[in-house]
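[1] Curious how this folds, go ahead:
(chains A and B)
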Amino acid sequence: MKTVVYTSDKKTHFFQELKSISRDIKSSNFLAYQMTKRDLQSQHRQSLLGFFWILAPVIINSMIWLFLNGSGVVNVNIPGGIPYPVFVILGTTIWNIFAEAVQSPINSVNAGRAIISKINFPKEALLMKGLYTTFFNLAIKMVPAVAILIAYQVAPSWSLLLFPFYIIALTIFAFAIGLILTPLGLIYTDISKLLITGIPLLMYLTPVVYAVPRSGVFKFLFNLNPLTYIINDTRNTLIGAAPQSLIFTVVLTAVSLIVLLIGLVIFRKSMPIVIEKIAG
Amino acid sequence: MKKDKEVLVSVQNVSKKFSKSLKSSLKYGASDIIRSTLGLSINKELRPQEFWAVRDVSFELRRGECIGLIGHNGAGKSTLLKVLNGLYTPDKGQIVMRGKIGALIELGAGFNPILTGRENIYNNASILGFTKKEVEDKIQSIIDFSEIRDFIDTPVQNYSSGMKVRLGFAVAAHLEPDVLIIDEVLAVGDLGFVLKCFSKIDELLPHTAVIFVSHSMPMVSRICNEIVLMDHGKVEYQGREIGKGIQLYYNKFSNNSQNKVYDNQTFELMGVQTDLVNNEIRRHEDFTLTFEFKINKPVDELPVLYLEFKDKEQKPIAGISVREHKEGFSQGTTVMYRTTVKNPLFTLGKYILDVGLYEPATESPYLRINNMLEFIVGGEKEQWIPFELDSENIITLH
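    Sure, this is the predicted structure:
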């Protein structure tokens, strides 16, 4: 018979925790699937346009930049050989996937506030729900990206095979950052506010709607930003160009995975504290 | 009850502290998270602004047993339940739970208002720990139990609160837990459903350990075989004498204030007398109550004096009507009613007397006073029932 012990001085080391996390993740797969389904159903049942709203931010942001560039208000610097609409739509799509994945852990736990204080279930299920939702939305967000590639007849090359790796690397990187911030972010809302306001700013320090500046202090800042490499490369895989920072991305993914595991252990240890503080 | 039934819940010296202010609570929470991340020890004693919400509670529960947690609002019952359910970690002590735990802490938590009842069954069941196959096997039985088949494909936002509770209980009851935690959740349903829930709990009880929190003492006495009375986080009484625990609980609330709930100025109460010492009634010993009223306005006929005894839950349990047909008396006269209660059969405890004067023909009131007198009934045994009937008993063996 399954025995659980709740005690004040729980002495478990890192790997024991990881073991129980992986057990819980396995057992709560159906739950995470149900919660994802429930969220998707309920979010879009009350709307006429439904899934279109997942795409809306990407489309609007791209249109703003197409307008700014087309009207000559700003003259953006883009690498040669790619039509600007392709560059900007792919850039914003990838950026949007990143932005959603960073906020996913904190948002999905916050959305579950009502139940975490009443029912004891593996809280990892909430994180998985966030991840599932992120991937579902990702698939939908790729629709305009694919459309624009077809419209401009951009031919992919062998590097397209690397696209799944890059997009997963980006998601894991973002998710790991989000997860590390989650426990404190659940207690103090400052952190999610910081994410909401800081992410748009970060977008302008990343080659999303324009390329890396050719010189100056901004070039330096862009080069410091790890997202510069992933986002450029992810876009490259779609437009048939060769990826330039594959090794960097592999290393970054390995680091992200370690951070992710640490984040999971911290999350698991701090959830009882969080529940008691935020959810009456 | 067999003593060798396995222990499913073992609670040892559990304490839980809370902070009184949100600001410090968040600060402690953040520092605890950082400390536990870095592997530093967390301060287990009270820090400024903190208090013990649950202090040093211990008990053991075997399969087939039911423990009742009672106490005033804020006594720490729900906090203790959340600790038992693993939602909060105890600050001191240890809890060992064996088997599948089902908690009816808030029924229908996590129901999504836009989704239909059927979709919510799937969601709620999966949160409670059902596997996909279990839900599919049991969905029909869940819908039948909830008795809302006609509306099962309607969004839950259109359900009444009673219907939501029905659906929530129906799901939770199908979990077949080893340990069942119930927190005051059955109050919303109608009588039919409450009865149904209780028969379901009765059905589960023989092979389940139940932890039951309620303010309804009839329910507690109906299913519990051990009681824990909590007051400000501490255990004040713990034992198997349910009646005693309930009496102690009732003694926490006293309402001695006399309330004149109706007075049309016709009669004025002049005095009350009893032949009791300290208002203490002894079982089987007759006692007399005397009431004196002054007639302030002309009336045709002498009113009926109605005495009503109430138990602690304000439930009327016995009444006496004192009446005699008398006419033709003048204003300003004093009228005395004397009644002798023969062979009172009350059981040990506190009882309250309400008094009313009514017009004999129409039964419309002249004067009503609640909580006129409070009686204590002596006796040896604390019992839940208000009366123990006199009986002649024969037991034979063949």
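[2] burial count for residue 52?
    I went with chain A, as the question did not name one. Neighbour count of A:F52, defined by other Cβ atoms under 10 Å in any protein chain shown: 13. C-betas here are computed from N, CA, C, even on glycine.
[3] let's do chain B instead
    Count around B:W52 with other Cβ under 10 Å applied: 18.
[4] Next, the contact list for the nearest residue to B:I114 once chain neighbours are set aside, please.
    Spatially, and ignoring its direct neighbours in sequence, B:I114 is nearest to A:S42 (4.5 Å; Cβ to Cβ, 6 or more residues apart in numbering or on different chains). By Cβ atoms under 8 Å, 6 or more residues apart in numbering or on different chains, the residues touching A:S42 are B:N112, B:I114, B:L115.
[5] how about these in CSV, adding pLDDT and neighbour count?
    Shown next, in CSV, are the contacts of A:S42 (pLDDT from 0 to 100; neighbours: other Cβ atoms under 10 Å in any protein chain shown):
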residue, pLDDT, neighbour count
B:N112, 84, 20
B:I114, 85, 16
B:L115, 86, 20
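[6] and the stretch 51-200 of chain A, which residues reach chain B?
    A:112, A:114-121, A:183-184, A:187-188 (Cβ under 8 Å from any Cβ of the partner chain).
[7] hmm, which of these are the buried ones?
    Neighbour counting by 16 or more other Cβ atoms under 10 Å in any protein chain shown classes A:G112, A:I115, A:I116, A:S117, A:K118, A:I119, A:N120, A:F121, A:P183, A:L184, A:I187 among those as buried.
[8] okay but the last one is in contact with A:I278, surely?
    Just to be clear, that refers to A:I187. Yes - using Cβ atoms under 8 Å, A:I187 is in contact with A:I278, at 6.6 Å.
[9] Quick one: residues contacting B:S58.
    B:V11, B:Q12, B:N13, B:V14, B:G93 are the contacts of B:S58 under Cβ under 8 Å, 6+ apart.
[10] switch to 7 Å and redo it
    B:V11, B:Q12, B:N13 (Cβ atoms under 7 Å, 6 or more residues apart in numbering or on different chains).
[11] Is it in a helix, a strand, or coil?
    Under DSSP: H, G, I helix; E, B strand; the rest coil, B:S58 falls in the strand class.
[12] What ranges does the stretch 151-300 of chain B have for its helices?
    B:161-173, B:191-204, B:217-223, B:242-251 (DSSP state H, counting those that start in this stretch).
[13] State the distance from B:Y306 to chain A.
    46 Å (Cβ to the nearest Cβ, to the nearest Å).
[14] Got the domain ranges for chain B?
    B:7-251, B:259-377 (automatic domain parsing).
[15] Of the contacts of A:S42, which belong to helices?
    Within the contacts of A:S42, no residue falls in helices by DSSP state H.
[16] Can you give me the neighbour number for A:T12?
    13.
[17] The residue nearest to it when sequence neighbours are not counted - how many residues pack around it?
    The shortest distance from A:T12 to any non-neighbouring residue, by Cβ to Cβ, 6+ apart, is to A:S20 (8.0 Å). Counted with other Cβ under 10 Å, residues neighbouring A:S20 total 15.
[18] quick revisit: in helices, which of the residues of the stretch 51-200 of chain A next to chain B appear?
    A:A114, A:I115, A:I116, A:P183, A:L184, A:I187.
[19] show me what contacts the last one?
    By Cβ under 7 Å, 6+ apart, the contact set of A:I187 is A:V274, A:K277, A:I278, B:L26, B:G29, B:A30.
[20] what's the answer for the second one, then?
    Listed by Cβ under 7 Å, 6+ apart, the contact set of A:I115 reads B:A109, B:G110, B:I127.
[21] redo that, cut-off 6 Å
    With contact set as Cβ atoms under 6 Å, 6 or more residues apart in numbering or on different chains, A:I115 has these partners: B:A109, B:G110.
[22] ok, now how distant is it from A:I239?
    44 Å (Cβ to Cβ, to the nearest Å).
[23] Can you report how many residues neighbour the single nearest residue of the stretch 151-300 of chain B relative to chain A?
    Nearest residue of the stretch 151-300 of chain B to chain A (Cβ to the nearest Cβ) works out as B:D178 at 7.3 Å. Neighbour count for B:D178, taken as other Cβ under 10 Å: 21.
[24] residue contacts, the closest residue in space to it that isn't next to it in sequence?
    In space, and not counting its chain neighbours, B:D178 is closest to B:G99: 2.7 Å by Cβ to Cβ, 6+ apart. When contacts are counted by Cβ under 6 Å, 6+ apart, B:G99 touches A:M1, B:L8, B:D178, B:V179.
[25] One more pass at 10 Å, please.
    Shown in contact with B:G99 (Cβ atoms under 10 Å, 6 or more residues apart in numbering or on different chains): A:1-4, B:6, B:8-9, B:63, B:177-179, B:208-209.
[26] A:N120 too?
    A:4, A:275, B:82, B:84-87, B:101, B:103, B:105, B:127-129, B:181.
[27] picking that back up, got the confidence number for the residue nearest to B:D178?
    Looking at B:G99, its pLDDT reads 88.
[28] The lengthiest helix in chain A and chain B in contact?
    Longest helix in chain A, counting residues (DSSP H): helix A:246-278. Yes - residues of helix A:246-278 contacting chain B under Cβ under 10 Å from any Cβ of the partner chain: A:262, A:265-267, A:269-278.
[29] So which bits of that helix are buried?
    Buried residues in helix A:246-278 (16+ other Cβ under 10 Å): A:249, A:252-253, A:256, A:259-278.
[30] How about stretch B:279-298?
    Buried positions in stretch B:279-298, judged by neighbour count with 16+ other Cβ under 10 Å: B:I281, B:R283, B:F287, B:L289, B:F291, B:F293, B:I295.
[31] So which of those residues sit within strands?
    Using DSSP state E, B:I281, B:F287, B:L289, B:F291, B:F293, B:I295 are the members of the buried residues of stretch B:279-298 that sit in strands.
[32] hang on, the second one packs against B:L276?
    Yes - look at B:F287 against B:L276 with Cβ atoms under 10 Å: they come within range, at 5.3 Å.
[33] quick one: common contacting residues for those two?
    Joint contacts of B:F287 and B:L276 (Cβ under 10 Å, 6+ apart) are B:F375.
[34] Alright, that wraps it up for me.
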